[in-house]
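A.B. asks: model this:
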Amino acid sequence: MASHELYSHETKTAEVHRLDLSLSAMTYYPYPYLPMIEENGSDCVLSVSDETRYNKKVKRSMSVAESVGSNNSGSISRSSSTGSLSSLPKQQFRDHIWTYTQRYLASEAVEAALYEVEEDESQENGGEDGMRLVQLLVACAEAVACRDKSHASTLLSELQANALVFGSSFQRVASCFVQGLAERLSLVQPLGSIGYIGSSTVDIVSEKKEEALPLVYELCPHIKFGHFVANSLILEAFEGESFVHIIDLGMTLGLPHGHQWRQLLHSLATRGGPPPTRLRITAVGLGTNRFQIIGDELEAYADSLDIKLEFSIIKSNLENIKPQDFKLRDGEVLVVNSILQLHCVVKESRGALNSVLKIIHELSPRVLVLVEQDSSHNGPFFLGRFMEALHYYSAIFDSLDAMLPKYDTRRAKIEQFYFAEEIKNIVSCEGPSRVERHERVDQWRRRMSRAGFQPAPIKLVAQAKQWLGKVTVCDGYTVLEEKGCLVLGWNSKPIVAASCWKR
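C.D. replies: Purely as a prediction, here's the structure:
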């Protein structure tokens with residue numbers, strides 16, 4: 001740590017340049033980075049269907065030279081573009097600003113990855129190995145983005161020999177990205193083809209995640225944090241009410257035993273005043289068998305607390321729900337609970353999520369509690385998502401490193417069955433198969449506001465910090481208030497954000 005603190009900004013910048021990121025790599029940071037012909041004659045082609053839909057728009061708006069210039073050194077040429085900004089139409093000017101913003105974020109993401117490696121090396125004495133691993137990962141991701149199968153395969157072979165499942169935290173997270181890159185490369189389609197990259201192993205992936213989910217809940221504070229904040233807000237909304245109704249989107253991924261609602265039932269029974277006369281919980285999702293088991297357990301637990309609970313299930317994915325499915329009753333107070341769920345409805349067209357939010361808005365809930373991963377893994381361009389995800393999951397694996405011993409099988413299962421599956425979905429899938437479309441809390445604010453929801457600031461920072469001190473087993477986790485939202489982070493890196501919305 002001491003050596004890193006002395007690490008000057010100039011030295012960091014030099015290390016970033018050591019990655020030898022070519023200009024074509026930066027062009028894959030989001031919009032409008034186009035298939036680009038370098039001066040050396042090699043060309044990178046957009047490799048996924050998400051990106052092809054931008055081609056016509058970009059061709060109309062600006063040339064490659066206007067967008068990023070041409071420079072063998074990899075630096076940004078500003079003269080040709082900035083000189084023409086005043087003559088650009090409004091849409092093109094906004095695209096210019098987006099271009100340079102994303103290129104800046106690319107450099108930040110690379111530097112952040114380097115920081116993680118330096119921290120790792122200071123503890124593991126890894127020398128130059130970690131730095132080399134970052135270089136290989138970025139180079140391989142660029143080769144895959146450019147559909148250079150030969151070069152990507154060579155790099156993957158070296159990565160597979162160095163990214164160890166039981167190595168340092170960065171080696172372990174790198175192993176997950178290597179798996180994703182290998183899967184993506186195997187699904188690369190011939191140049192000029194149209195379609196999306198998909199996967200035929202969705203059911204197997206779901207089974208793996210289900211197996212690891214209880215361990216994630218037990219050992220990581222991410223889901224517990226969402227439950228704590230959501231229950232606190234729901235209790236506040238139910239204060240003094242007799243007939244209350246909770247709509248739970250996804251039932252926290254089908255987590256066994258209904259932990260969130262057990263805790264809520266206990267709070268309703270033990271706080272001052274009588275509990276509600278009737279509590280209804282409606283689960284929404286396709287896991288009806290799991291949901292029914294959870295519902296039966298909750299009803300039995302509620303009976304032991306003298307609370308009348310009615311549990312019901314709407315067997316439907318979120319995209320297909322209808323207002324009449326919910327069977328609302330007169331006089332009941334409604335809240336909607338979404339824990340790590342709505343990002344799966346975010347699609348390229350935005351229509352699916354807008355439709356779901358519109359339906360929820362029409363239900364007139366007193367509050368909608370939204371808990372989501374706080375990271376940008378839904379950009380239209382592959383390399384941008386890759387770098388963002390590398391930074392985000394490096395922080396998560398670093399936290400697991402601090403909590404569990406190196407050869408703990410629980411940690412291996414959490415990493416390889418749960419987080420690795422998220423990483424592989426972000427890296428290897430496109431189109432409908434890509435469901436891990438995490439977005440930052442600022443983007444969720446915009447989406448919710450467009451859907452007609454008003455933010456309800458969460459004033460629970462002190463309580464959340466007190467809660468965090470009780471549930472975490474190591475230092476490093478933080479809780480911060482950000483524009484009315486609560487954000488759980490690891491060493492200042494945001495991990496999960498909770499927000500509250502009213503109609």
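A.B. asks: Can you report phi and psi for residue 322?
C.D. replies: The phi/psi pair for residue 322 (degrees, to the nearest 10) reads phi -130, psi 150.
A.B. asks: Would you confirm that it contacts residue 359?
C.D. replies: Yes - assessed by C-beta atoms under 8 Å, residue 322 is found in contact with residue 359 at 7.1 Å. Yep, even glycine has a C-beta here, placed from its N, CA and C like the rest.
A.B. asks: The two: which is more packed in?
C.D. replies: For residue 322 versus residue 359, neighbours defined as other C-beta atoms under 10 Å are more numerous around residue 359 (16 against 9).
A.B. asks: So that one: helix, strand or coil?
C.D. replies: Assigned with DSSP: H, G, I helix; E, B strand; the rest coil, residue 359 falls in the helix class.
A.B. asks: Was I right to think it contacts residue 319?
C.D. replies: No - with contact defined as C-beta under 8 Å, residue 359 does not count as touching residue 319 (10.4 Å).
A.B. asks: Next, residue 494: secondary structure please.
C.D. replies: Applying three-state DSSP: residue 494 is strand.
A.B. asks: Grab the nearest non-local neighbour of it.
C.D. replies: Once flanking residues are discounted, residue 494 sits nearest to residue 374: 4.0 Å by C-beta to C-beta, 6 or more residues apart in numbering.
A.B. asks: State the phi and psi torsions of the one you found.
C.D. replies: Torsion angles, degrees, to the nearest 10, at residue 374: phi -100, psi 80.
A.B. asks: Also the one 10 residues further on?
C.D. replies: Dihedral angles of residue 384 (phi, psi; degrees, to the nearest 10) stand at phi -60, psi -50.
A.B. asks: Least confident secondary structure element in the protein?
C.D. replies: None of the helices or strands of the chain scores lower by mean pLDDT, DSSP states H and E than helix 64-68, at a mean of 29.
A.B. asks: So what would you say the end-to-end distance of stretch 357-370 is?
C.D. replies: In stretch 357-370, first residue to last residue: 12 Å (C-alpha to C-alpha, to the nearest Å).
A.B. asks: Buried residues in stretch 336-343, which are they?
C.D. replies: By neighbour count on 16 or more other C-beta atoms under 10 Å, the buried set for stretch 336-343 is 336-343.
A.B. asks: now these in TSV, with pLDDT and distance to residue 309?
C.D. replies: Rendered in TSV, the data for those read as follows (pLDDT from 0 to 100; distance: C-beta to C-beta, whole Å):
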residue	pLDDT	distance to residue 309
336	98	18
337	98	15
338	98	20
339	98	19
340	97	24
341	96	22
342	96	25
343	96	29
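A.B. asks: If we only consider these, which is nearest to residue 151?
C.D. replies: Residue 151 lies nearest to residue 343 out of the buried residues of stretch 336-343, by C-beta to C-beta, at 32.6 Å.
A.B. asks: The closest one against residue 438, yeah?
C.D. replies: Yes - contact criterion C-beta under 8 Å: residue 343 and residue 438 qualify, at 5.2 Å.
A.B. asks: shared neighbours of these two, anything?
C.D. replies: Residues touching both residue 343 and residue 438 by C-beta atoms under 8 Å, 6 or more residues apart in numbering: 372-373, 378.
A.B. asks: Now render these as CSV, adding distance to residue 483.
C.D. replies: Putting the shared contacts of residue 343 and residue 438 into CSV (distance: C-beta to C-beta, whole Å) gives the following:
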residue, distance to residue 483
372, 15
373, 17
378, 20
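A.B. asks: Tabulate the residues you listed (JSON lines), appending neighbour count, pLDDT and distance to residue 402.
C.D. replies: As requested, those are arranged in JSON lines below (neighbours: other C-beta atoms under 10 Å; pLDDT from 0 to 100; distance: C-beta to C-beta, whole Å):
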{"residue": "372", "neighbour count": "23", "pLDDT": "98", "distance to residue 402": "24"}
{"residue": "373", "neighbour count": "22", "pLDDT": "98", "distance to residue 402": "20"}
{"residue": "378", "neighbour count": "22", "pLDDT": "93", "distance to residue 402": "28"}
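A.B. asks: now, which of these sits nearest residue 298?
C.D. replies: Set against residue 298, the nearest of the shared contacts of residue 343 and residue 438 by C-beta to C-beta is residue 372 (24.4 Å).
A.B. asks: can you confirm the closest one is in a strand?
C.D. replies: Yes - the assignment for residue 372 by three-state DSSP puts it in a strand.
A.B. asks: Where does the prediction get shaky in the protein?
C.D. replies: Scanning the chain for pLDDT under 70 picks out the ranges 1-128, 189-205, 349-350.
A.B. asks: now the strands for it?
C.D. replies: Taking DSSP state E as the criterion, the chain carries its strands at 243-249, 278-285, 309-315, 333-339, 367-373, 454-455, 477-482, 485-490, 493-502.
A.B. asks: Name the residues that touch the first one?
C.D. replies: Identification of contacts with strand 243-249 by C-beta under 8 Å, 6+ apart yields 234, 238, 260-261, 276-285, 318, 326, 328-329, 331-339, 341-342, 363, 365.
A.B. asks: In ChimeraX, how would I select the buried members of the residues you listed?
C.D. replies: In ChimeraX, this line selects whichever of the contacts of strand 243-249 come out buried by 16+ other C-beta under 10 Å:
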select :234,238,260,261,276,278,279,280,281,282,283,284,285,318,326,333,334,335,336,337,338,339,341,342,365
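A.B. asks: Kindly provide the distance from the residue nearest the centre of the chain to residue 154.
C.D. replies: Centre of the chain computed as the mean C-alpha position; nearest residue by C-alpha atoms, centre = their mean is residue 438, 3.2 Å away. Distance of residue 438 to residue 154, given as C-beta to C-beta, to the nearest Å: 31 Å.
A.B. asks: what separates the closest residue to residue 448 other than its chain neighbours from residue 338, distance-wise?
C.D. replies: Counting by C-beta to C-beta, 6+ apart, residue 501 is the residue found nearest to residue 448 once chain neighbours are left out, at 5.4 Å. Per C-beta to C-beta, residue 501 is found 10 Å from residue 338.
A.B. asks: can you check residue 368 too?
C.D. replies: Using C-beta to C-beta, residue 368 is found at 7 Å from residue 338.
A.B. asks: repeat for residue 220
C.D. replies: 19 Å.
A.B. asks: Check residue 382 too.
C.D. replies: The gap separating residue 382 from residue 338 is 27 Å, by C-beta to C-beta.
A.B. asks: now do residue 429
C.D. replies: Distance from residue 429 to residue 338, by C-beta to C-beta: 22 Å.
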